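Novice: This is a predicted model, with the sequence first.
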Amino acid sequence: MCSAETLPKFDLGDLSVLGSPDFRAALDALAVAVYTTDAEGYITYCNPAAASLAGRQPEIGRDRWCVSWKLRHPDGAPLRHDECPMAMALKGRQPIRGQELLAVRPDGSTALLLPHPTPIFDESGELTGAVNLLVDITDRKSAEKDSRYLAAIVESSDDAIVAKDLNGIITSWNKGAERLFGYRVDEVVGKSITILMPPGYENEEPNILRRIRSGERIDHYQTTRRRKDGRLIDISLTVSPVRDAFGRIIGASKIARDITEQRRGAAALAARLREQAALYRLTERLHRAQDISEVYEAALDAIQGALCCHRASILIFDNSATDSSAKMHFVAWRGLSPEYRSAVDGHSPWTGGERDPQPIFLQDVAQADALAALRPVIEAEGIHALGFIPLVADGRLIGKFMTYYDLPHAFTDNEIDVALTIARQLGFSIQRMRADEARRLAEEQLRRNEASERARAAELMAIMEAVPASIWIARTPDCRIISGNRAAYELLRQAPDSNLSLSASSDERPDNFCVFSAGKELSPEELPVQRAARGEMVPNFEEEVRFEDGTSRHLFGNATPLRDAAGQVIGAVAASVDITARKQAEEALQESERRLQIALGAGRMGAWEWNIATGKIIWSPGLEALHHLEPGTFGGTFEDFKRDIHPDDLLLVELEIARAMETREDYHVVYRIRLPDGRIRWMEAFGQFSTLGAAMPGKLAGVCMDITERKEAEAQRNLLVAELSHRVKNTLAIVSSIARQSFSVSPDIHEAHRSFDARIRALAQTHTRLAEASWSGVSLETVLLDELAPYHDDGRNNVTLSGPPMMLPPKYALTLGMAAHELATNAAKHGALSVKTGGVGIEWSVDRETDRLHIRWSESGGPPVLAPKRNGFGRLLLERVLASDLGGEVQLEFASQGLVCMIDIPYPREPSP
Amino acid sequence: MTATQPYRVFVVEDEFLVALQIEDDLIAAGYLVVGPFTSLSTSIAASRAESFDVATLDLNLRGELVYPLVDELLERQVPVLLLTGYASSDLPERFRALPRLSKPFDGAELVRRIRSLVAAA
C-alpha cells in the first residue's frame, strides 16, 4: 500500500516538460495514475495507470475534466464531471486536496479515489492547464473498516479473547475475558497469563508458548483455569500466533470458552451410556440366566456398573413367608467382609410382605440416626453411604439390594431411577426363577406320582366294587350320565353299566324309582350327586328311594364335587349306605317316644330311670326341660340329680329313696329344686322298682312333676286364710274398743246403744264398700256420701262435696269413714244439719309437692256454735285416731258461723290392700 | 324394781282404737305404758331408747311384720307378749312358743298375762 506522502516529489511547474519524450516515458511508467488537461479542462494526457484506474481509455482532447466514466460522491450520490475536484480546481485556479470521490468504471465496479488536482500557470501567470494525480484509496478504506468491525466483534464476543506476547504477558483483554475469568482489563494487561493457571497446570504455559513460537495454532485445547474468585472452570482454548507486517510472530491471541457445562453434560452422557450399557447387559444376562446364582451375579455386575459402587449385596427373605417375623439374609455380595455380613444379616428397614416399600438412601452414615447400633459396624467396614433398594415380586417385598459407597454420596434422581430399574428387573427374575423352580418340582412330583396314582386308581376301583356302600359317579357337571359301583346298581335294581342318571334321555333313564327327602320328592337337579356336580359339598344327606312296587330304601351319605387341577368342577361322586333297617327302628322308637313326650309335656311331667347297678340315670327331654336344661345336657349320675335339689330337702329325698329301696315299695317324694337361674320349683316324684333278677339291684323308674303352681296356689290360699283371720280378729278388736268407749263415756245407756249401733253400722258400711271392690279401695266421695246421705234434705242442697277423684286404700277408707261418721252425727245432733237452713260443705285437694291430702269440713247456717264442755269419744276419735292411724293432723275450729274441721293427712299414693 | 315403782309396759299396736283399750286396761291395772307405737321403725327406735320391763307386740303393723323387733327383744331377754289375729301355725317356727294373746282379747286376760311375764322375769 502506498500513500500520497510516499510519492516522489517532482516539479510540475513547467508543463512543457510533458511534451518531452523522456518525461512522458517516465509518466507512462509511473504506477500512480496521472492525467493532464488544458485550461478548458479537456484531457491532454492520461498515463496507463490512470486509464487502468478509470477502466477506460479517455478520448484525448474530447473528454473533459476527468478520465473516469462516471463519478459519485463517497456516499454514493452522483457527481457531475464539471463539479468534480479537477473542474473546481481549474475553475477556481486553486489546487484541491482531501476530497474523496468514487469513480465508476464502465464495468460497474468502483474505486475510491483521492484526487490531487493542481492548476498549472505559465510564467506570465496565465492558466495553461492542470495535472491531476489520482490515488486509489479503496483498499486502505476497507482495511480501516475491517479493523473497526473486528474490534467491535472482539469486544462484544461472549468468548474470552486475550492477546499476549511471546513472554506470556497479556496485551489485550476483552469483555468476554472479564466475564469468564473475573479480572478487569486494567487488572491483567501487563501481567503474566500464568495468573490464570491453577496449581498443577503451571507447565502448560511454556508449552503453549513454545508451540506458538514455532508457528503452530492450537485448536480447542481443553484445560482448566482459575478465576479471580478462585473457582476452577473448564475451558476450551484456541491459541493462534500473531504476526507483524513482516510475518514475524510477535505474540498470540487466545480464545477461551467456558465448557464447564459442556463438560458436565459430556460426563453425564458418558454415565448414561454406561448405565444403559449396564442395564442392557443385565437384561440380556437375566434373560439367559439358568439359575438364581447367575441372576444374582448379573444383578451385582449391573449395580456396580450402573451405580458406580465398588460394593454391593443382595439379601432375600429366608422363605417365601409373608409374616413380619421373616428375616432377610445375604445371598450374593461384592466386597463385604464376613464379619460385616454376619453383623448386619437379618436387619431390614421393612418387614416381610410389606406392601409398597420405599427405597432408602443414607448419604452420610455419620449423619444417619436410623442406623443406631449398626453404625459402628458399618463405619468399621469403611462404608459412608448406603442405599437400600427393595425387591418386590407380586407386589410383595421379597428382599433388597444394597449399594455401599466409600465416601458420603449424594444419590441423584437418576441413580435412584437406575437403582429402581435394576430392582424391578431383579425382582421379576427372582420371581421367574422361583416359579420355574416350583414348576420343575411340581412336574417332577407329578411324574413320580403318576405311577403310584395308576396303582392307587386300580386299588380304588377294587375297593369301590367291594364296599357295601352305593357309589354314584357323574363325570360331567350336567350329570347326563351317572355310573355306579356294583352296590349302586343292585340297590337301584339296574343292570350293571346302565345309566343311573335321572337326567338322562328318556330311553336311557331308569324309571323304576323316585327319590324322596323329608317326605318330598326330589327333582333330578335336587339329588345330592347333581348338587355336588354344581360345586356344592352335600354332607350327611338322607334320602328315600321309593320303587314302583311300593317298597323303599333309606340312604345316608355324602356327595362331593370332583374337580380338575385348576379347581374347576368336572363332576361329582356320591356314596351312601343303606339305613333302611335303622330308619324303620328309629321311626318306631321316635313314634313311641313322641307319644310319651306328648303325654309328659301336657302334664309338666318328665320321666326318669335309675339303673342302680351302673348308677346311670336317664332323664327324658321333658324332665330336662323341667330342670331348665338343654335337651341332652343332663349329666346322668346320681350326683347330677342331687345337684339341683334344694339343700333343705336333700336329706328328705335321700331318705325316701333309701326307704323305697329297702322296702321295695313305691317311691314318692315332694321336694324343691333350684333352677340354674336361682328360682325354686316344687317337684313331686313317683317311682317303682323293677327287678332284673333275684340278685340284681334292678332299676328305679318313674315320673316327676313340677307342682310349683299347685304349691304356690296352696301357699296363696293359706296366706289369704291367715290374712282374713287377722282382719276379722282385728276388726273385732276395734269393735270391742268402740263398744268400751261408747258405753263408758255416755251416761245414758240408750244413747250409748244408739251411738254404738250407728258406729258399728258405719264401720260395716265401709267394710261392705271395700268387700265390693275386693278390698282394692273406695273413693273419698263414696265414704263421705255414705255418712252424709241420711241427712240430705229433699233437694240435696244442704251437703256439697267438691274435690278431685280420690281413691282411698282400705285403712284410709275405714279411718276416714269413722271420722266422717263422728262429724256427720255431731252436725245432725248439734250443728248445721240440725236445722233446715244449715248446710255442710266439704272440699278436698291434693298438694302434689308435699303429697298431702287436705279435707275441709265446714258447717254454716246452723245454730250458734259452742265449744263442747268435755271431749267426747267423737272428738277423741277424730283427733287421735287420724293422727295415730294415718299420721294426719286435725284442727277443729268452733267458729261462730259453724264448725270447721281441717284434716291434713299424707296422700295415699297407691291404693294398697 | 321395787313394788312402789310401777312396771313399764312397751306397747306396739297400729290400730289406735285397740291401742286405746290396751292402754286403758294397763293403766287401770297400775302399769305405766310406754307407747303405743304404730310402725316398725318407730317402735324399734323407741325400744332402744326407752326402758321397760315387758312388751306387748301387735304382729302386723300396716303390712309390716314386727319380727325384727321380736328377735331383738328376745335377744335382750325382755319378756314379750304377742297380740295377734294370726293362728300359731301362721307364725314362723321360732315364735310359735312365745306367749300369745289372740285378738280380740279380754282386758283382764291381758293384765293377767302381763303380770305372769313380769313375775317370771
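Specialist: Yes, it's here. Source: prediction; values computed, not measured.

Novice: Show me the residue at the heart of chain B, geometrically.
Specialist: The centroid of chain B falls nearest to B:Thr56 when counting by Cα atoms, centre = their mean (0.6 Å).

Novice: which stretch of helix or strand covers that one?
Specialist: strand B:54-58 (DSSP states H and E).

Novice: and the residue nearest to the spatial centre of chain A, what is it in contact with?
Specialist: With distances taken as Cα atoms, centre = their mean, A:Arg355 lies nearest the centre of chain A, 12.6 Å away. Residues in contact with A:Arg355 (Cβ atoms under 8 Å, 6 or more residues apart in numbering or on different chains) are A:395-397. In this view, the C-beta of every residue, glycine as well, is placed from N, C-alpha and C.

Novice: in the stretch 501-650 of chain A, what spans have low per-residue confidence?
Specialist: By pLDDT under 70, the weakly predicted segments of the stretch 501-650 of chain A are A:592-603.

Novice: For chain B, what's the nearest residue on it?
Specialist: A:Asp648 (12.7 Å; Cβ to the nearest Cβ).

Novice: ok so, going back, how about the strand holding B:Thr56 and chain A, any contact?
Specialist: No. Applying Cβ under 8 Å from any Cβ of the partner chain, one finds strand B:54-58 out of contact with chain A, separated by at least 8.7 Å.

Novice: Name the next helix or strand downstream of that strand, please.
Specialist: Trace forward from strand B:54-58 with DSSP H and E and the next one is strand B:60-61.

Novice: So what's the gap between that next one and the chain middle?
Specialist: Centroid displacement of strand B:60-61 relative to its chain, using Cα atoms, centre = their mean, to the nearest Å, is 12 Å.

Novice: pLDDT (mean, whole number) over it?
Specialist: Regarding strand B:60-61, the rounded mean pLDDT is 81.

Novice: Pretty sure the residue nearest to the centre of chain B sits against B:Val18.
Specialist: No. Assessed by Cβ atoms under 8 Å, B:Thr56 is found out of contact with B:Val18, at 10.6 Å.

Novice: what's the residue of the stretch 501-650 of chain A closest to chain B sitting at in phi/psi?
Specialist: The phi and psi torsions at A:Asp648 (degrees, to the nearest 10) take the values phi -70, psi -20.

Novice: is it true that it touches A:Arg672?
Specialist: Yes. Here A:Asp648 reaches A:Arg672: they are 7.3 Å apart, a contact under Cβ under 8 Å.

Novice: neighbour count winner among these two?
Specialist: A:Arg672 (19 against 9; other Cβ atoms under 10 Å in any protein chain shown).

Novice: The more buried one pairs with what?
Specialist: A:Trp682 (DSSP bridges).

Novice: thinking again about what came up before, the residue nearest to the centre of chain A and B:Arg100: what is the separation?
Specialist: 88 Å (Cβ to Cβ, to the nearest Å).

Novice: With A:Arg440 instead?
Specialist: 104 Å.

Novice: The two - which one has more neighbours?
Specialist: Of the pair A:Arg440 and B:Arg100, B:Arg100 is the one with more neighbours under other Cβ under 10 Å, namely 19 against 10.

Novice: Give the bridge partners for that one, please.
Specialist: B:Leu82.

Novice: Spell out the residue ranges of the helices in the stretch 451-600 of chain A.
Specialist: Listed in chain order, the helices of the stretch 451-600 of chain A (DSSP state H, counting those that start in this stretch) span A:486-492, A:528-533, A:580-602.

Novice: Contacts for the shortest one next, please.
Specialist: If I follow you right, that is helix A:528-533. In this structure, residues lying in contact with helix A:528-533 by Cβ under 8 Å, 6+ apart are A:472, A:474, A:476-479, A:482, A:503, A:524-525, A:538, A:541, A:543, A:557-562, A:569, A:571-574.

Novice: which stretches of chain B aren't confidently modelled?
Specialist: Residues of chain B that meet the criterion pLDDT under 70 lie in B:1-4, B:121.

Novice: Get me the contact residues on it for chain A.
Specialist: Within chain B, the positions adjacent to chain A are B:14-21, B:24, B:36, B:38, B:60, B:62-63, B:84-87, B:90, B:102-105 by Cβ under 8 Å from any Cβ.

Novice: Could you break chain A into its assigned domains?
Specialist: Domain ranges of chain A: A:4-138, A:157-258, A:271-439, A:461-580, A:597-706, A:745-906, per automatic domain parsing.

Novice: I'd like those laid out as JSON lines, including distance to A:Ile738.
Specialist: What follows is the domains of chain A, written out as JSON lines (distance: least, Cβ to Cβ, whole Å):
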{"stretch": "domain A:4-138", "distance to A:Ile738": "162"}
{"stretch": "domain A:157-258", "distance to A:Ile738": "131"}
{"stretch": "domain A:271-439", "distance to A:Ile738": "93"}
{"stretch": "domain A:461-580", "distance to A:Ile738": "79"}
{"stretch": "domain A:597-706", "distance to A:Ile738": "44"}
{"stretch": "domain A:745-906", "distance to A:Ile738": "5"}
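
Novice: For B:Leu74, find the nearest of the ones you listed.
Specialist: Comparing the domains of chain A by their distance to B:Leu74 (Cβ to Cβ), the top pick is domain A:597-706, with 23.5 Å.

Novice: if we can go back for a sec, let me know the pLDDT of the residue nearest to the centre of chain A.
Specialist: Value for A:Arg355, per-residue pLDDT: 77.

Novice: ok, now A:Pro390?
Specialist: A:Pro390 is assigned 91 on the pLDDT scale.

Novice: Could you find the closest non-adjacent residue to it?
Specialist: Take A:Pro390 and drop its neighbours on the chain: the residue closest to it by Cβ to Cβ, 6 or more residues apart in numbering or on different chains is A:Pro357, 3.9 Å away.

Novice: All the strands of chain B, residue numbers only.
Specialist: B:8-12, B:32-37, B:54-58, B:60-61, B:64-65, B:80-84, B:100-102 (DSSP state E).

Novice: Can you list the neighbours in contact with the third one?
Specialist: Strand B:54-58 is contacted from outside by B:7-15, B:18, B:22, B:43, B:47, B:66, B:69-70, B:73, B:78-84, B:101, B:110, B:114, B:117-118, B:121, using Cβ under 8 Å, 6+ apart.

Novice: Just want the residue of chain B that's nearest chain A.
Specialist: Taking Cβ to the nearest Cβ, chain B has B:Gly85 as its residue nearest chain A, at 3.0 Å.

Novice: Verify the stated contact: that residue with B:Lys103.
Specialist: Yes. Using Cβ under 8 Å, B:Gly85 is in contact with B:Lys103, at 4.7 Å.

Novice: the helices in chain B, which residues?
Specialist: B:16-28, B:40-49, B:67-75, B:107-120 (DSSP state H).
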